[in-house]
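>>> show me how the following folds:
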Amino acid sequence: MDVYLPIANLAVNGLLIVALGAATGILSGLFGVGGGFLTTPLLIFYGIPPTVAAASAATQVTGASVSGVFAHSRNNGVDYQIGGVIVAGGMLGALVGAGLFTLLREIGQIDVVINILYVLLLGTIGGLMGREALQGVFPNRFGGGKKGAAKRRHHPAIASLPYRWRFYRSGLYISPIGPLILGIIVGILTMLMGVGGGFIMVPAMLYILGMSARVVVGTSLFNILFITMLVTMVHAFTTRAVDIVLAGLLLVGSVIGAQLGTKIASLAKPEFLRLVLAAIVLAIALRMAFSLGVRPDEVYTVVPL
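Next comes the predicted model:
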């Protein structure tokens, strides 16, 4: 079933795009990530221009996050207080990212920057996540069983920040400046890369902010929901790279997939889930690094200005 995308200016298999949306929706429900880190590279591999892929993926992530937030909210798995602080930072970051996106597109480097950012971020995060997952699955072989269970606590840099607030549902007494900075970083990345930022936000909430694992996934999806909503609006009015047909196809699959992923998350072992996610992240990073060094089929194109 071929569907024409007006902004991307090409025809795609509609069922394949819906299936892609479902896959990223499942990841959203499983890990609290928006799934954009997977959607955008796969759309680029399929032939969608990187600018359209990034802008449209942000729209799809919004839909997946709505479904996931409702599912986790029913289990009291969302800290709305700290989530609101991160959302405020994300809005500031989205505005900064919009300026960077426009500047890079004007000088003709936005496609290269998007690919390089994906390789660096996914390679680093996938490696760290994979090492931790292997230590949990094979403690004797990878040294995970040599240490006692560490008490959850926030990073010393967070502890040194002033003006502490008490976030009851997360079990924290920290400065809101830390979550605000995290939101700004995620907002910039969401604007540039079309990701929800969950693949950065979830580890940061656990190991930097020291949040309770019980509320990390739901709170991450809550933040992603509002940040990607703003990013979609900014893209629509500034870059005009949002393909509503492409975003709609992705949304159909992602909303269904998010509910399925939430159910799977309650049954599967967390260590194995993290190991699978790490393998997916590293595979995408290697594929994008390969594409950066391969001679393209068309060395240049000529278009009317």
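
>>> from now on I want contacts and neighbour counts done on CA atoms only, so please keep to that.
OK.

>>> what stretches of this protein score poorly on pLDDT?
When residues are selected by pLDDT under 70, those of the chain lie in 28-37, 60-64, 67, 137, 140-155, 194-199, 265-266, 268-271, 295-305.

>>> can you give me the strands in it?
For the chain, strands defined by DSSP state E occupy the ranges 2-5, 10-13, 165-167, 172-174.

>>> other SSEs contacting the first one?
Counting contacts by 3 or more CA pairs under 8 Å, 6 or more residues apart in numbering; DSSP states H and E, strand 2-5 is packed against strand 10-13.

>>> neighbouring strands - and their directions - for the strand it packs on?
Applying DSSP bridges, strand 10-13 is found paired with strand 2-5 (antiparallel).

>>> quick one: contacts of the partner strand?
Leu10, Ala11, Val12, Asn13, Gly14, Asp243, Val245, Leu246 (CA atoms under 8 Å, 6 or more residues apart in numbering).

>>> deepest-packed of the strands of the chain, please.
The highest mean neighbour count among these, using mean count of other CA atoms under 10 Å, belongs to strand 172-174: a mean of 18.

>>> how far off centre is that one?
Mean C-alpha position of strand 172-174 versus that of the full chain (CA atoms, centre = their mean, to the nearest Å) differs by 25 Å.

>>> could you do stretch 204-211 as well?
Centroid separation for stretch 204-211 versus its chain: 16 Å, with CA atoms, centre = their mean.

>>> in it, what's buried?
Ala204, Met205, Leu206, Ile208, Leu209, Gly210, Met211 (16 or more other CA atoms under 10 Å).

>>> circling back: among the contacts of strand 2-5, which two are most distant?
The two members of the contacts of strand 2-5 with the most space between them (CA to CA) are Asn13 and Asp243, at 15.0 Å.

>>> from Thr24, how far off is the residue nearest to Ser73 when sequence neighbours are not counted?
Excluding the flanking residues, the one nearest Ser73 by CA to CA, 6 or more residues apart in numbering is Gly218, at 6.9 Å. Gly218 sits 16 Å away from Thr24, going by CA to CA, to the nearest Å.

>>> one more: Ile116?
Counting by CA to CA - Ile116 and Thr24 are separated by 21 Å.

>>> try Leu100
In terms of CA to CA, Leu100 sits 26 Å off from Thr24.

>>> between these two, who's got more neighbours?
Using other CA atoms under 10 Å as the criterion, Leu100 and Thr24 rank with Thr24 on top: 29 against 16.
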